[in-house]
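1. For reference, the sequence and a predicted model appear below.
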Amino acid sequence: MSTKSRNYFLDNYKAFLILLVVIGHFIEPCYTNTLFLTVLKWIIFSFHMPAFIFISGYFSKKDMGLEKLIQKLVIPYFVFELLYYFLYVFVIHKETGLYFNRPKFSLWYLMALFFWRIATPYVKKIPGNLFIAITGGLLIGFTQLGNFFSIPRTLFFYPFFLAGYYFQESWFESIRRHWKAFTVGLASLAGLLGGWVLITGQELTPFIFYGRYSYEDMGLTNGWGLLIRLVCYGISFLAIFALCAFIPRKQHFYSILGVRTMPIYLFHGLVYSILKDSRILEKVDFPVETGLLLGFCVLLTFALATELPYKFTTWISSFPVRLPKSFSRSKKTAV
């Protein structure tokens, strides 16, 4: 893409988000060790994947044929499922199976993105589809599907993808002008959630933003779980919009991270799995150790945006795919 046609605001936003993805995973084993890491974990997971998915929806307005979707999403999914399987079995000796219907680590996003892009051209024809999507995200919390085809996450995060799909570029400027209103709303909802916890004594974890777990898994009744998830939707959407005022609009040295999010997203989990198995991450406690871990996450993010990882992911997502004509009947079945 030429320099003139690049939207550096969105590149910078994605750069910020992919860094938070890496940090959020690497502090997982130790976030309960210190108040700082606990607060950081809550902040990151309250909006980083919703925002990432919102931007993915924004860039999915152009319909993509089934063959192209398989090329860009399905093949990388299978390749990295195999890489994770070999890593788990032969390197860290973790018991697992080659379950292509249960995504390993962060690969659920590729599976979900495939389903979102398949479904959205049809869903958009349904009146009130965003309301229906939110309702689906709320109701899936009643089930115990676990990680099967990543259905809970796919439904939980779909409203963010759909909202991004409908979003227009000109609206960003309006949002920047009203960032204070979004910030006040965000603080109000976060305060409401925190006040409820103090009054009821109910224990909550960042799992309420994961989308993977049922209300029962999180120790909530179905009624409270549904209400809390609705509040989570509000917090995430308000955070997405409030942050628009603080993301730079010009190109910077870190903008490349937003261009190369895919290799960072796919490869960092392999590094994380090795370090987690060594149990070194769960020992992070003191401020110096915390600083070193966060610094490592920044360096790793930039390292995975270099040419070699980028070329590898580009290569595996460029394999030619040719489906039988019965599966790809011109534009009528294109998605």
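-> Received it, and whenever you're ready, just let me know what you need.
2. Report pLDDT for the closest residue to residue 101 other than its chain neighbours.
-> Ranked by CB to CB, 6 or more residues apart in numbering and with sequence neighbours excluded, the top spatial neighbour of residue 101 is residue 149, at 5.4 Å. Where C-beta positions appear, they are placed from N, C-alpha and C, glycine not excepted. Per-residue confidence at residue 149 stands at 89 (pLDDT).
3. shouldn't residue 149 be in contact with residue 111?
-> Yes - applying CB atoms under 8 Å as the test, residue 149 and residue 111 come out as touching, 6.8 Å apart.
4. who's more crowded, the two?
-> Neighbour comparison, residue 149 and residue 111: the larger count goes to residue 111, with 22 against 17 (by other CB atoms under 10 Å).
5. Can you give the contact residues for the helix or strand hosting that one?
-> Using DSSP states H and E, residue 111 sits within helix 108-123. Contacts to helix 108-123, defined as CB atoms under 8 Å, 6 or more residues apart in numbering, come from residues 49, 53, 56-57, 60, 63-64, 66, 69, 73-74, 76-77, 80, 103, 129, 132-133, 147, 149-150, 153-154, 157-158, 161-162, 165, 212, 265, 335.
6. and residue 202, helix, strand or coil?
-> coil (DSSP: H, G, I helix; E, B strand; the rest coil).
7. Does it touch residue 224 like I think?
-> Yes - the criterion here is CB under 8 Å, and residue 202 meets it with residue 224 at 7.5 Å.
8. any chance you could map the helices in the stretch 51-200 of the chain?
-> For the stretch 51-200 of the chain, the helices defined by DSSP state H, counting those that start in this stretch cover 66-69, 75-86, 108-123, 129-139, 151-166, 171-177, 179-200.
9. State the pLDDT value of residue 325.
-> Among the per-residue scores, residue 325 holds a pLDDT of 70.
10. hang on, I meant residue 270
-> pLDDT, residue 270: 96.
11. Then residue 333?
-> pLDDT recorded at residue 333 is 47.
12. what does residue 5 give?
-> Residue 5 is assigned a pLDDT of 68 by the prediction.
13. for residue 63, same thing?
-> What the model reports as pLDDT for residue 63 is 83.
14. Could you do residue 29 as well?
-> The model reports residue 29 with a pLDDT of 96.
15. quick one: low-confidence ranges for the stretch 51-200 of the chain?
-> Screening the stretch 51-200 of the chain residue by residue with the criterion pLDDT under 70, one finds no matching range.
16. cutoff 90 now
-> Applying pLDDT under 90 to the predicted model, the residue ranges of the stretch 51-200 of the chain that meet it are 62-65, 93-102, 144-149, 170, 173.
17. what about the most centrally placed residue in the chain, distance to residue 211?
-> Per CA atoms, centre = their mean, the C-alpha nearest to the average position across the chain is that of residue 49, at 3.1 Å. Residue 49 is 8 Å from residue 211, where distance means CB to CB, to the nearest Å.
18. anything in contact with each of these two?
-> Residues touching both residue 49 and residue 211 by CB under 8 Å, 6+ apart: residue 157.
19. so residue 179 sits right up against residue 239, yeah?
-> No - with contact defined as CB under 8 Å, residue 179 does not reach residue 239; the gap is 11.2 Å.
20. the more surrounded of these two?
-> Set side by side, residue 179 and residue 239 give different neighbour counts by other CB under 10 Å, the larger being at residue 239 (21 against 15).
21. what about the more buried one, which SS state?
-> Recorded secondary structure, residue 239: helix (three-state DSSP).
22. Spatially nearest residue to it (excluding sequence neighbours)?
-> The shortest distance from residue 239 to any non-neighbouring residue, by CB to CB, 6+ apart, is to residue 47 (3.7 Å).
23. next one: residue 312
-> In this structure, residue 312 finds its nearest non-sequential neighbour in residue 263, 6.9 Å apart by CB to CB, 6+ apart.
24. Quick check: residue 111 vs residue 151, distance?
-> If you measure residue 111 against residue 151 using CB to CB, the figure is 10 Å.
25. ok, now residue 293?
-> From residue 293 over to residue 151 the distance is 33 Å, taken as CB to CB.
26. How about residue 14?
-> For residue 14, the distance to residue 151 under the criterion CB to CB works out to 26 Å.
27. Between the two, tell me which one has more neighbours.
-> Each of residue 14 and residue 151 had its neighbours counted (other CB under 10 Å), and the higher figure belongs to residue 14 (23 against 18).
28. After the strand or helix carrying residue 270, which helix or strand is next?
-> With the criterion set as DSSP H and E, the secondary-structure element containing residue 270 is helix 261-277. Tracing the chain past helix 261-277, the next element assigned as helix or strand by DSSP H and E is helix 287-303.
29. so what does that following helix touch, helix or strand wise?
-> helix 8-26, helix 35-45, helix 261-277 (3 or more CB pairs under 8 Å, 6 or more residues apart in numbering; DSSP states H and E).
30. what's the closest of the ones you listed to residue 298?
-> Go through those one by one with CB to CB and the one that ends up closest to residue 298 is helix 8-26, at 6.7 Å.
31. Run the chain-centre distance for the closest one.
-> In this view, helix 8-26 has its centroid 10 Å away from the chain centroid, taken as CA atoms, centre = their mean, to the nearest Å.
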